[in-house]
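Colleague: Sharing a model prediction with you, sequence too.
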Protein chains: 4
Amino acid sequence: MAREKGLKGMESRERLLAAAAEEFANRGFHETKVSTIVKRAGLTQPAFYLYFPSKEAVFDELVNAFRTRLHALIGSSRFEAQVEAQDVPKRVRMAVETFFRFLEATPHLTRIGLFLAPKAEEIKKELIALIAFNLSAEQQAGYFRSDLSMKTVAECLVGIVERLTLSQLLPGIKSPESLASQVVDLLLYGMLSMKHTSA
Amino acid sequence: MAREKGLKGMESRERLLAAAAEEFANRGFHETKVSTIVKRAGLTQPAFYLYFPSKEAVFDELVNAFRTRLHALIGSSRFEAQVEAQDVPKRVRMAVETFFRFLEATPHLTRIGLFLAPKAEEIKKELIALIAFNLSAEQQAGYFRSDLSMKTVAECLVGIVERLTLSQLLPGIKSPESLASQVVDLLLYGMLSMKHTSA
Amino acid sequence: MAREKGLKGMESRERLLAAAAEEFANRGFHETKVSTIVKRAGLTQPAFYLYFPSKEAVFDELVNAFRTRLHALIGSSRFEAQVEAQDVPKRVRMAVETFFRFLEATPHLTRIGLFLAPKAEEIKKELIALIAFNLSAEQQAGYFRSDLSMKTVAECLVGIVERLTLSQLLPGIKSPESLASQVVDLLLYGMLSMKHTSA
Amino acid sequence: MAREKGLKGMESRERLLAAAAEEFANRGFHETKVSTIVKRAGLTQPAFYLYFPSKEAVFDELVNAFRTRLHALIGSSRFEAQVEAQDVPKRVRMAVETFFRFLEATPHLTRIGLFLAPKAEEIKKELIALIAFNLSAEQQAGYFRSDLSMKTVAECLVGIVERLTLSQLLPGIKSPESLASQVVDLLLYGMLSMKHTSA
DNA sequence: AATGAATGAGGATTCATTCAT
DNA sequence: GATGAATGAATCCTCATTCAT
């Protein structure tokens, strides 16, 4: 699929990939025409098929690129050691912030891999599982309420991230830091004012 | 364009609308062919254009149907009177549950209006604003932490609902009640175990 | 084809015919839709087929109506008796004027029968033959140059009438009288100023 | 839209244009199918859209081609210098003959631009204005009767040309020369036999 | 005398993809 | 490494026309 050949070829390929990413992100799969992609890349249609077997193939490649980077990120952000209880909020916030930063860094891929791809649900399922796994460790360490399903919490967290990414992060309205602290504040402490407790 | 007369005509129109809703929900706009819709409705292609000016028009009509019902729902579920502090959780849970129930009741429209439509973002924006407005009242009544932005909370709530709808509700894995209580529990009380407080 | 039946039926038929004439005249055969005709006539599509076997049939009927009236006109305007040489110009002018008046009186039919119909060429051929025949009588009486082909003259006359009808008569710019006198003046006396003669 | 590059492309384009011209001329706009045009050009339907944005566009291009050539012709055939009175008939005849020759040389374009195009009236209007302008010069030089409106004369001339083109020239019944001399003879000297004068 | 409802047949246009160079 | 030229395969939509009432 991916030719190994010369330098110029690699560059053309990259240009096509970049053009495709932008088009897909902005217009979706069907509204993106191969003719537009190649125009943007300064090439002709047959050149496209020199590097990719089909329109779907580029799309898939972009989705996979997102997925791979995502896994790399999650893998590297595992809670390494034991932490003090009072550090938990900070650590969680850092993790969420890192995640937002990642999404912000590759906005086209984010849009494609998180919202446009048919595989998006599957990708999120994986993501949720990984997050749930991480959270469970914390829960077992006693930091989180034991009556909460970390799977559900992870799902909620991802839902929140999705929404804020679309409405605040990608449009550049709020920063990863600000979003992370708001989200974490809400999720850790809840909405109720101090006087109320119980379950 | 939408004919008024006759019973049979109305029925055909409804059948087309239903078929279109299902197809759009399952395959998306572009993958849905007019030919498939009419086949499903037991009609021929020209009949489609007897009731709708274009494929896009049916889609829009379905989106608007969702939006209208959504507004009706939100409008009717406003917190009417003063409530006791201890009743707040229950009331919030009821509201969220009602919402999930609504989404569950019209799964095709939900998929179309909430996830497929280009207008989906706009629809959610409206929804978030309405929810934020409702929550603000509670906040001013002192039930919710005053340092939280109800706009953000609403956004998070909608993000959560979106996610759970897609992964749990529509596939029939969890019920509106169960989802609502989990969500509300998390959002109201937060994740931290009892010993931790602060803001 | 043409039903004989009741009064109301006749009226509907006439309304359809009139609506069709106007539409055809303004938009041509293909751009005229049966749906538009019936709308204009305050009826529905099946009603159209109650009175005419097809769209083409109405068109043909209108063309034939024009042709019939045309023949009637020409037939009645034959030079009856011998005339004085000095009356010839006046008589010719009257004939042309009468013809313009006829065209002006039924503008829709004129447009259809003279310009739109595939048969238009044929109709004009007949017309030209009739005119040529009439002119030949005058020629033999010595009023017109004997070296001119009355067939050609008739053809030229019809060409002139066509053009002026389209550009001056139907738009209401000039009257039948004014057009007739200009045309006849030109054709009878020619363009050259008095000093020049011969052939 | 009109590709510039490559010889083969140009040839295909020309073939399409020629096929379209013939089809349009023989069947009119609506009866001409893109499928027929491409078949005639030895191509497939998509190839058509490689060179023209729509069926209408080819038609327009043909109409414009006619109009352009027409203007070129008229522009070049202006009476250059002063002429002797006795040469006027000859010059006029030459001009009309040239014009007939032009129409005969491009019969398809003639049919399209002069009879089929919605713009045909407009084109003729321009043509008439140009001819009238030319004739007025002659009139002011005293060659033509001063009581005639050259605008009207031009209009009559064009009407005659139209008619004879359709009935004699394009069917190949008469030659440009013969048509021109008949027309000019009639227009210059009129129909009346020698004894009659006056106005 | 007329209509609500429906359809057969076709026609323009689009787009991903390929061939030959 | 890249392109000019071309196509197969659909898809949406339109319109004259008819059926059953």
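Modeller: It's in.
Colleague: Please look at A:Ala154 and A:Gln139 and confirm they touch.
Modeller: No. With contact defined as CB atoms under 8 Å, A:Ala154 and A:Gln139 do not form a contacting pair (11.1 Å). (Each C-beta comes from the backbone N, C-alpha and C, glycine too.)
Colleague: other SSEs contacting the top helix by length along chain A?
Modeller: Secondary structure assigned by DSSP state H gives helix A:7-31 as the longest helix of chain A. Here helix A:7-31 touches helix A:34-41, helix A:45-51, helix A:55-76, helix A:107-110, going by 3 or more CB pairs under 8 Å, 6 or more residues apart in numbering or on different chains; DSSP states H and E.
Colleague: Domain map for chain A?
Modeller: A:7-53, A:59-189 (automatic domain parsing).
Colleague: Return the most buried member of these.
Modeller: domain A:59-189 (a mean of 18; mean count of other CB atoms under 10 Å in any protein chain shown).
Colleague: Any regions of chain A where pLDDT drops low?
Modeller: A:1-5, A:77-83, A:195-199 (pLDDT under 70).
Colleague: ok, now with 90
Modeller: The model of chain A has pLDDT under 90 over residues A:1-9, A:74-88, A:134, A:137-138, A:141, A:191-199.
Colleague: Kindly report the residues of it close to DNA strand E.
Modeller: By CB under 7 Å from any atom of the strand, the residues of chain A that approach DNA strand E are A:Thr32, A:Lys33, A:Val34, A:Ser35, A:Gln45, A:Pro46, A:Phe48, A:Tyr49, A:Pro53, A:Ser54, A:Lys55, A:Glu56.
Colleague: Could you check how far the fifth one is from A:Lys33?
Modeller: Read it as A:Gln45. As judged by CB to CB, to the nearest Å, A:Gln45 and A:Lys33 stand 10 Å apart.
Colleague: ok, A:His71 to A:Gly113 distance?
Modeller: A:His71 is 11 Å from A:Gly113, by CB to CB.
Colleague: do the same with A:Leu43
Modeller: Going from A:Leu43 to A:Gly113 by CB to CB gives 25 Å.
Colleague: And the residue of chain A that's closest to DNA strand F?
Modeller: Ranked by CB to the nearest atom of the strand, the top residue of chain A for proximity to DNA strand F is A:Gly6, at 2.6 Å.
Colleague: mind listing what that residue touches?
Modeller: A:Gly6 sits next to no residue when contact means CB atoms under 8 Å, 6 or more residues apart in numbering or on different chains.
Colleague: Same question for A:Ala129.
Modeller: The contact partners of A:Ala129, taken as CB under 8 Å, 6+ apart, are A:Lys151, A:Ala154.
Colleague: helix, strand or coil for it?
Modeller: helix (DSSP: H, G, I helix; E, B strand; the rest coil).
Colleague: So which residues on chain A come close to chain C?
Modeller: Listed as neighbours of chain C in chain A under the rule CB under 8 Å from any CB of the partner chain: no residues.
Colleague: Show me the residue of chain A that gets nearest to chain D, please.
Modeller: A:Thr44 (11.3 Å; CB to the nearest CB).
Colleague: any idea how far that residue lies from chain B?
Modeller: Between A:Thr44 and chain B the computed distance is 25 Å (CB to the nearest CB, to the nearest Å).
Colleague: what are the phi and psi values for that residue?
Modeller: Dihedral pair for A:Thr44: phi -110, psi 170, per degrees, to the nearest 10.
Colleague: so it touches A:Ile37, yeah?
Modeller: No. Contact between A:Thr44 and A:Ile37 fails when scored by CB under 8 Å: they sit 11.1 Å apart.
Colleague: Give me the distance between the residue of chain A closest to DNA strand F and A:Ser12.
Modeller: Taking CB to CB, one finds A:Gly6 at 10 Å from A:Ser12.
Colleague: Check which helix or strand A:Ala132 maps to.
Modeller: helix A:120-140 (DSSP states H and E).
Colleague: Which SSE is immediately downstream of that helix?
Modeller: Remark: after helix A:120-140, the chain's next helix or strand is helix A:150-164, criterion DSSP H and E.
Colleague: Which neighbouring elements make contact with the next helix or strand after that next one?
Modeller: The helix or strand immediately downstream of helix A:150-164 is helix A:176-189, counting by DSSP H and E. For helix A:176-189, the elements it packs on are helix A:88-105, helix A:150-164, helix B:150-164, judged by 3+ CB pairs under 8 Å, 6+ apart.
Colleague: do the last one and chain A meet?
Modeller: Yes. Using CB under 8 Å from any CB as the criterion, contacts between helix B:150-164 and chain A involve B:Thr152, B:Val153, B:Glu155, B:Cys156, B:Val158, B:Gly159, B:Ile160, B:Val161, B:Glu162, B:Arg163, B:Leu164.
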